[in-house]
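> need the 3D shape of this:
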Amino acid sequence: MSVESAVASRTGYRASGRFLTEPAAVRWVLTGIALLFLAVFLLVPLAAVFAGALAQGVRVYFAALADPDALASVRLTLLTAALVVPLNLVFGVAAAWAIAKFRFPGRSLLITLIDLPLSVSPVVSGLIYVLLFGLQGLLGPYLMRHGIKIIFALPGIVLATTFVTLPLVARELIPLLESQGNEEEEAALTLGAGGWQTFMRISLPRMKWGLLYGVVLCNARAMGEFGAVSVVSGHIRGRTTTIPLHVEILYNEYQFSAAFAVASLLTLVALATLLVKVTVEGKRERKGR
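Numbering: from 1, shown residues only. I've put the predicted structure just below:
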């Protein structure tokens, strides 16, 4: 009798050719707990958002989305994401490449600095920019004399959003590049390929799914960021309010249906992000086989 047969005969647990060490009751309880958490913390809030958005009818829903302030918040959110994601893309690729491919003084410090936004509250990071670039901040008087406005304007929103999304692309690429090694790049260089040619034809295709995954996460976080943007934006309605800030304003004004209607846009973005994430993960798994 084989070891697996002996284990099966003693435990009596077998499922789809794989041996399980937990009794069926335990598996059902764990599955039920997981499904309950998904229902309470994911499905119910999603349903509540759309139910609140459509509570007063479809006409009120689309009227809330067509409001000039809502459209301004959508434009600002899209513009912020369009600026932040490429910045993090360039930084993430450069930082991950340097960390994964080279050993240099300060490498550990660079890794720590990349992780810094994950350990600092977004509100605190926004406050730091106010203390640096605000009217009473360290550089505020200089900026005011030269007519440069950062806080309560688009540059401040972009800076704050870039800070909180900084690790997402780099942290996705670093373990991927480290696991791939340097053999293919070294072979290409040995055969006479240049550095840029090697990167475009060898390195980039190998990291593309990880890169896309990081970009998707970065875009979702950039569009949904609230804490840091709330501090540096000034809540100037129709000018410096992104979608999350506009939702807060509407909710505080007791315009609940309008608030849920605008919030449903972010919910749809989250669902689309989840769909892309699942698709990318599936492609990465098939690529790795």
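> the one helix or strand Leu113 maps to packs against which elements?
Per DSSP states H and E: Leu113 is located in helix 107-119. Identification of packing neighbours for helix 107-119 by 3 or more C-beta pairs under 8 Å, 6 or more residues apart in numbering; DSSP states H and E yields helix 68-101, helix 154-180. Using the backbone N, CA and C atoms, a C-beta is placed for each residue, glycine as well.
> now the longest one and helix 107-119, what's the angle there?
Our comparison of helix 68-101 with helix 107-119, counting by axes from the mean of the first three to the mean of the last three C-alpha atoms, to 10 degrees, yields an angle of 150 degrees.
> quick check: mean pLDDT across helix 68-101?
Average pLDDT, helix 68-101: 94.
> centre of the chain to that helix, how far?
In terms of C-alpha atoms, centre = their mean, to the nearest Å, the centre of helix 68-101 is found 10 Å from the chain centre.
> for the helix or strand that the helix holding Leu113 is followed by, list the C-alpha coordinates in PDB.
Counting by DSSP H and E, the next helix or strand C-terminal to helix 107-119 is helix 122-133. Extracted C-alpha coordinates of helix 122-133, given in PDB (Å, rounded to 0.1, in the frame of the first residue of the first chain):
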ATOM      1  CA  PRO A 122      -2.600  59.700   3.300                       C
ATOM      2  CA  VAL A 123      -3.900  62.600   5.500                       C
ATOM      3  CA  VAL A 124      -0.400  63.100   6.900                       C
ATOM      4  CA  SER A 125       1.100  63.000   3.500                       C
ATOM      5  CA  GLY A 126      -1.300  65.700   2.300                       C
ATOM      6  CA  LEU A 127      -0.400  67.800   5.400                       C
ATOM      7  CA  ILE A 128       3.300  67.500   4.500                       C
ATOM      8  CA  TYR A 129       2.600  69.100   1.100                       C
ATOM      9  CA  VAL A 130       0.600  71.900   2.800                       C
ATOM     10  CA  LEU A 131       3.500  72.500   5.200                       C
ATOM     11  CA  LEU A 132       5.900  72.600   2.200                       C
ATOM     12  CA  PHE A 133       4.000  74.500  -0.500                       C
END
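> roughly how far apart are the residue lying closest to Val231 once chain neighbours are set aside and Glu281?
Excluding the flanking residues, the one nearest Val231 by C-beta to C-beta, 6 or more residues apart in numbering is Gly126, at 3.0 Å. Between Gly126 and Glu281 the computed distance is 32 Å (C-beta to C-beta, to the nearest Å).
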